[in-house]
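Colleague: I'll drop the sequence and a predicted model, then ask my questions.
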Amino acid sequence: MNDTSLPPCALTIAGSDSGGGAGIQADLKTFAAHRVHGLSALAALTAQHTRAVTAVHVPDVGFLRAQIDACFDDFAIGAVKLGMLANADVIHAVADALEHHEPAQLVLDPVMVSTSGARLLEASALDAVRTRLLPMATLITPNLPEAELLIGERIEDVDAMHGAVDALRALGASAVLLKGGHLPENVAREEVVDLFADGDVVHPMSHRRLKIDAHGTGCTLASAVAANLCLGRGLRDASIAATDYVHAALRRGYRPGRGDVLVLDHFGAAPHG
Ligand SMILES: Nc1ncnc2c1ncn2[C@@H]1O[C@H](COP(=O)(O)OP(=O)(O)O)[C@@H](O)[C@H]1O
Ligand SMILES: Cc1ncc(COP(=O)(O)O)c(N)n1
C-alpha cells in the first residue's frame, strides 16, 4: 500500500460500552466499515449490556490527555468525534486538548442519557458542553431530549425541529444534524426525519420508521459522519451518507443480549460510496 491508498485516520473520544453496541466499540466498527483507521481515547468506561448500565468509571483526566496527545503526535487525524464525556472536568480536559491540537473537523455527539435510561453526563456539565464544546464543533448531532436541554425548549414536532436547529446554531455550533428518532410515532407517523442545517441550507433526511428498539444508533451516526468527512465529503453529503448507513445497519440489526434491544450490524451493509 502506498501513501495515497492509506486509509485516513479518525479519532473518537468517548466512553467504552462493555456490551459492544454503543460508545467507542460502535465508533471503531463504524470507522472500520468505512475503511477509516480508527483511533480512540477513552474518556469513561461503562459496565453495560443491552438492558442497563451497571457501573461507570471515569479515568483520571491526565491519562485521557495522554491518550489524546499520543494520537495527535503520531497520526494525521482527519476528524475527531466526541461521545460520552461523563462530567465537566472531562469536558474541560478534552476542550483544552482540542484547543491545543486544533483538529480539522470536530463532530460532537452530546451524549447525555443512554437508551436504557442511565445518565452518561452529569447534569452540572451542561454548561461546559454549551460554552466549551459547542463553539468548536464543526457539527453537533443531538437527539431531541439532548437538544431540548441545550436550548431550554420543548421540541414536539418537525416544525419545532426547524426552530431548534436555528437555536442550536445561535449557541455557536456551525452546523447541526438534529436527530428525530425520539418524536412520538403519532407525530412522526411512518418516517423518522433528521434535520441538517449549516446556515446556508436546511436539509431534511427521511427514512422509514422501523418498529425496533435499538442501541448505539447515535454513536454510529456521529462516527459515520466523521468517517465520511475524513473521506473528503462535505458536511451535508457526509450527513446524508451517515443517516443512510445507520438505516441500513439498523435494518440488519441483531439481538446479541437477553433484552429486546437490537445492536447495529455495522458490516452487513456497505456504506454509501
Ligand atoms: N425507529 C427508527 N427507525 C428508523 N430509524 C431510526 C429509528 N430510531 C432512530 N432512527 C435513526 O437513528 C439515528 C439516531 O436517532 P435518535 O434515536 O434520534 O438518536 P439517539 O440514538 O442519539 O437517541 C437517526 O439517524 C434516526 O433517524
Ligand atoms: C459508552 C456509551 N456511550 C454512548 C451511549 C449512548 O448510546 P445509546 O443512546 O444508544 O444507548 C451508551 N449507551 N454508552
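Modeller: Noted; the coordinates are in hand. Ligands and ions are numbered 1, 2, ... in the order given.

Colleague: and for the closest residue to ligand 2 within the stretch 151-273 of the chain, the neighbour number?
Modeller: Relative to ligand 2, the nearest point of the stretch 151-273 of the chain is His215 (4.2 Å; CB to the nearest ligand atom). For the C-beta atoms, the positions are set from N, CA and C on the backbone; glycine is no exception. Using other CB atoms under 10 Å, His215 has 26 neighbouring residues.

Colleague: over to Ala175?
Modeller: 23.

Colleague: quick one, grab the pLDDT at the closest residue to it other than its chain neighbours.
Modeller: Excluding its sequence neighbours, the residue lying closest to Ala175 (CB to CB, 6 or more residues apart in numbering) is Asp198, at 3.9 Å. On the pLDDT scale, Asp198 is placed at 97.

Colleague: then Val56?
Modeller: 97.

Colleague: that one is in contact with Gly23, isn't it?
Modeller: No - applying CB atoms under 8 Å as the test, Val56 and Gly23 come out as separate, 11.2 Å apart.

Colleague: these two: who's more crowded?
Modeller: Between Val56 and Gly23, Gly23 has the larger neighbour count (other CB under 10 Å), namely 29 against 17.

Colleague: please report how far the more buried one lies from ligand 2.
Modeller: 3 Å (CB to the nearest ligand atom, to the nearest Å).

Colleague: just the buried residues of the longest strand anywhere in the chain, please?
Modeller: For the chain, the strand with the greatest residue count under DSSP state E is strand 37-48. Residues of strand 37-48 classed as buried under the neighbour-count rule (16 or more other CB atoms under 10 Å) are His37, Gly38, Leu39, Ser40, Ala41, Leu42, Ala43, Ala44, Leu45, Thr46, Gln48.

Colleague: and these as TSV, adding pLDDT and distance to Arg130?
Modeller: Converted to TSV, those look like this (pLDDT from 0 to 100; distance: CB to CB, whole Å):
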residue	pLDDT	distance to Arg130
His37	98	32
Gly38	98	28
Leu39	99	27
Ser40	98	25
Ala41	98	22
Leu42	98	24
Ala43	98	18
Ala44	98	20
Leu45	98	25
Thr46	98	24
Gln48	95	27
